[in-house]
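# Provided below for reference: sequence and predicted model.
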Amino acid sequence: MLRGIGAAALAGGTVGGAAALAGCAPSASTNQQPLGTPSFSAPPAGEVTIWDRSGDLYKVFDKAIASFTAKYPQVKVNHLAVDINAKLPSTLISGAEVPDGAFYDDALIPGIAPQLFDLSTLIEPYKKDIAPYKLGVVTVEGRVVAVPWDLDPGLLFYRADLVEQAGVDPAKIATYDDLLAAARTVKGKFPASKPLHLEANEYLSQLWLDMFVNQQGAAIVDSAGKLAVDTTPYRTALTWLDKVRAEDLGTLAKYFEPTDVNTLDNGTQVFVPWAQWFVFGPQQLLKQTKGKWRATALPAWQAGGARGGVMGGSSFVIPAKAKNPQLAWLLYEHLTFSKTGYTAVYGPNDVYPGGINTSVPSYLPALSGEALFKPVAELGGQDLWKVATDAAKQVPGGYTIPVWWGKAVDYLGVNLQRMLNGQMSPDDVLSTSAQQIQKNLVDRP
């Protein structure tokens, strides 16, 4: 299940589709207002309409909502499965049949922020217990506009059998230089391999690049909102990726499309630095190598550096025109900040007997408690919970998503692909992308 992540929701789409989603955002005029603390003269009662994505995610949340209605039996939750990314922006603009709450991609939240309730006061008691990265992405112009849900930490997935045969010790891959050296060793043992994954989807490759940059404590804009593409963190990551390409150590393929799946299964690809949700592949898509993959922390960009970075994520939003926003808050507070709620989502259930293992909660007490999902058989019985939560705790904060992030794919994402195809240098990608984004997105009225 490709759950939670903005990237996975769009992975099968086009860069134009990503830009179109961002382009559907409401105008800058705002009707945003603070949502007051719920106050009921009697036990909470009424109806609330909630949107979630169709498929497995909907089924899991549907089961988890039962733990909320058990707590508040006089509240009826109308839980609807919809194409949220396509439908929510236009619904907020029209004001017709607006839901009380919805599950929405973090990368797209800034575009609809003016049409959401300001949840700053309600989130305040929980702030110290929310992963700093996640608190940053749901904060727009100083207001918390969403209830932070998941963390999608980056991990290094690898073929344990081939790595062992090549004489590489994964525990000694501490930096990206170490990873490059390991890839060279593997290629020396298996000449037909191109051991490292290089992402060929424009949208996903930009999100992937952001993971590497986030590891270095940076983002596409700085703390003052100034464009920060042509900077050292981006240059460091791009220089490394270009070296992988130049040494023929990388397989350029679109995430989990046929070429990617085939080369993961046949031993061409051996190392995949990617979000935790890569585990979906060994569980559902890979046939020949099921049980042969493992996960470890991302390498650091320099010795002693952070070994965690985030790629994707989603949160819960409450529209300013919702009819019962306080009931929506009670639901999301329950799912996010109560042990009963987040355990109902992540823990073993009828849909996933082992629990959801494609992300971890952004609520820090949940990360420090007992494992919410079971060891993963398709990773050889590995305890992915420990690997993922250790990585999540190292994710740097201070990350900001600008309203135009999706549209930047037409420039940064496209130019990155040109570099991976040997048509541009890292410096060309940065200087050209910075000029294009500044002119067409940042300076645009």
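Sure, I can see it. Numbering: from 1, shown residues only.
# and residue 296, which of the three is it?
Classification of residue 296 by DSSP: H, G, I helix; E, B strand; the rest coil places it in strand.
# burial count for residue 304?
Using other C-beta atoms under 10 Å, residue 304 has 8 other residues around it. All C-beta spots, glycine's among them, are computed from the backbone N, C-alpha and C.
# One more: residue 368?
10.
# Next: residue 213.
Other residues near residue 213 number 25, with proximity taken as other C-beta under 10 Å.
# which element is it on?
Using DSSP states H and E, residue 213 maps to helix 202-215.
# Show me what counts as buried in the next helix or strand after that helix.
In the C-terminal direction, the helix or strand that comes right after helix 202-215 (DSSP H and E) is helix 232-246. Neighbour counts over helix 232-246 (16 or more other C-beta atoms under 10 Å) mark 233, 234, 236, 237, 238, 240, 241, 242, 244, 245 as buried.
# follow-up on the earlier one: what packs against the helix holding residue 213?
Packed against helix 202-215 by the contact rule (3 or more C-beta pairs under 8 Å, 6 or more residues apart in numbering; DSSP states H and E) you find helix 6-10, helix 15-23, helix 232-246, strand 271-275, helix 412-420.
# any idea which of the ones you listed scores lowest on pLDDT?
Out of those, helix 15-23 stands lowest, with a mean of 33 (criterion: mean pLDDT).
# quick one on the thing from earlier: is it possible to get TSV of the buried residues of helix 232-246 that adds distance to residue 164?
What follows is the buried residues of helix 232-246, written out as TSV (distance: C-beta to C-beta, whole Å):
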residue	distance to residue 164
233	33
234	34
236	30
237	28
238	31
240	25
241	26
242	29
244	22
245	26
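# Which member of those residues is positioned nearest residue 97?
Nearest to residue 97 out of the buried residues of helix 232-246 is residue 234 (C-beta to C-beta; 41.6 Å).
# any idea of the angle the helix holding residue 213 forms with strand 271-275?
Orientation note: helix 202-215 sits at an angle of 90 degrees relative to strand 271-275 (axes from the mean of the first three to the mean of the last three C-alpha atoms, to 10 degrees).
# quick check: angle from helix 202-215 to helix 232-246?
Going by the same axes, to 10 degrees, helix 202-215 is angled at 120 degrees with respect to helix 232-246.
# Show the average pLDDT along helix 202-215.
Averaged across helix 202-215, pLDDT comes to 97.
# now the angle between helix 412-420 and it, please.
90 degrees.
# So for helix 202-215, what gets flagged as buried?
Neighbour-count burial for helix 202-215, with 16+ other C-beta under 10 Å as criterion, is recorded at 202-215.
# domains for the chain, by residue range?
Domains of the chain are assigned by automatic domain parsing as 6-152+312-374, 155-309+399-442.
# mean pLDDT lowest for which of those?
Mean pLDDT is lowest for domain 6-152+312-374 among the domains of the chain, at a mean of 86.
# Looking at the buried residues of helix 202-215, which two lie furthest apart in space?
Using C-beta to C-beta, the two most remote members of the buried residues of helix 202-215 are 202 and 215, lying 21.0 Å apart.
# residues touching the closest residue to residue 166 other than its chain neighbours, list them.
Spatial nearest neighbour of residue 166, excluding adjacent residues (C-beta to C-beta, 6 or more residues apart in numbering): residue 189 at 4.0 Å. Residue 189 sits next to 162, 165, 166, 167 when contact means C-beta atoms under 8 Å, 6 or more residues apart in numbering.
# Serialize those residues to a markdown table and add fields for distance to residue 402.
Output for these, formatted as a markdown table (distance: C-beta to C-beta, whole Å):
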| residue | distance to residue 402 |
| --- | --- |
| 162 | 40 |
| 165 | 45 |
| 166 | 42 |
| 167 | 45 |
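# My read is that residue 97 contacts residue 88, right?
No - using C-beta atoms under 8 Å, residue 97 makes no contact with residue 88, being 11.2 Å away.
# The two: which has the busier surroundings?
Set side by side, residue 97 and residue 88 show more neighbours around residue 88, with 25 against 8, by other C-beta under 10 Å.
# For residue 409, see how far away the more buried one is.
Distance, residue 88 to residue 409, by C-beta to C-beta, to the nearest Å: 20 Å.
# now do residue 174
Using C-beta to C-beta, residue 174 is found at 32 Å from residue 409.
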